[in-house]
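[1] just a sequence and a predicted model for now, questions to come.
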Amino acid sequence: MTVYVNRIFFSTNDHPKLLGLSIYFQGCDRSPKCLLCHNKETWEPYKGFKYDLEDLIQILKDKINYALESYDKIAVVYLGGEPLAPYNRDAVFQISKELKEEFSEKIVNTLYSWRTLEEIERQNLENYIEYMDELVLGPYDYTQRNVDEKGNVLFPASKNQKYIRLNKVLSK
Ligand code: SF4
């Protein structure tokens, strides 16, 4: 399977508590797009960096192992773009599954999506989030930007976004 990614990096901005390995998937299927989106370069699918899925998973495993030399636990953050867009969701599922099976409680799989929980259910996408531990759901709404008095962006980036901890103990 081929997957397109815009960028991958370690960040302290994408999870409220943990260092995150943030994977920005390429392509966003929200229509219309969110006003003042900060990630316009991720909008168009099939651009960015093209990976064979298993090669990408191995790269991610190497990065996680590197981080775990210094941290007890990190977040693996799936964002974009839209991780649950039709052209990204199979790869997102497979990555989240293989990383969870390898690292178990040492990682917190965290999915960002413009879709709400109701939309995920209505679109029958629950299976794709089976290996997620936490969700940050809802579109970016600049009128509800979440910033402190100095203009620093807080978590989540807009106050309408719902942070959901699934608290699942995966037995798989
Ligand atoms: S869903 Fe994300 S990438 Fe898409 S328009 Fe909104 S903020 Fe931008």
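    Received it, and whenever you're ready, just let me know what you need.
[2] residues of the chain that sit close to the ligand?
    Proximity of the chain to the ligand (CB under 6 Å from any ligand atom) is limited to residues 28, 30, 33-34, 37, 39, 42, 80-82, 114, 139-140. Where C-beta positions appear, they are placed from N, C-alpha and C, glycine not excepted.
[3] residues in contact with the helix or strand that contains Leu111?
    For Leu111, the element it lies in under DSSP states H and E is strand 107-113. Contacts to strand 107-113, defined as CB atoms under 8 Å, 6 or more residues apart in numbering, come from residues 14-15, 18, 20, 64, 73-80, 82-84, 92, 96, 99-100, 120, 129, 131-137.
[4] drop anything exposed from those.
    Buried members of the contacts of strand 107-113, counted by 16 or more other CB atoms under 10 Å: 14-15, 18, 20, 64, 74-80, 82-84, 92, 96, 99-100, 120, 129, 131-137.
[5] among those residues, name the ones in helices.
    Of the buried ones among the contacts of strand 107-113, the ones assigned to helices by DSSP state H are Ile64, Val92, Ser96, Leu99, Lys100, Ile120.
[6] quick check, nearest of those residues to Tyr4?
    Val92 (11.9 Å; CB to CB).
[7] tell me if I'm right that that closest one and Leu84 touch.
    Yes - counting by CB atoms under 8 Å, Leu84 is a contact partner of Val92 at 7.0 Å.
[8] so what's in contact with these two at the same time?
    Leu111, Tyr128.
[9] give me the contacts around the longest strand anywhere in the chain.
    The single longest strand within the chain, with elements called by DSSP state E, is strand 2-11. Taking CB under 8 Å, 6+ apart as the criterion, the residues outside strand 2-11 that touch it are 19-27, 39, 41-42, 45-53, 56, 59-60, 63, 67, 77, 80-81, 87-88, 91.
[10] among those residues, name the ones in strands.
    Secondary structure assignment by DSSP E places Gly20, Leu21, Ser22, Ile23, Tyr24, Phe25, Phe49, Lys50, Tyr51, Asp52, Val77 of those in strands.
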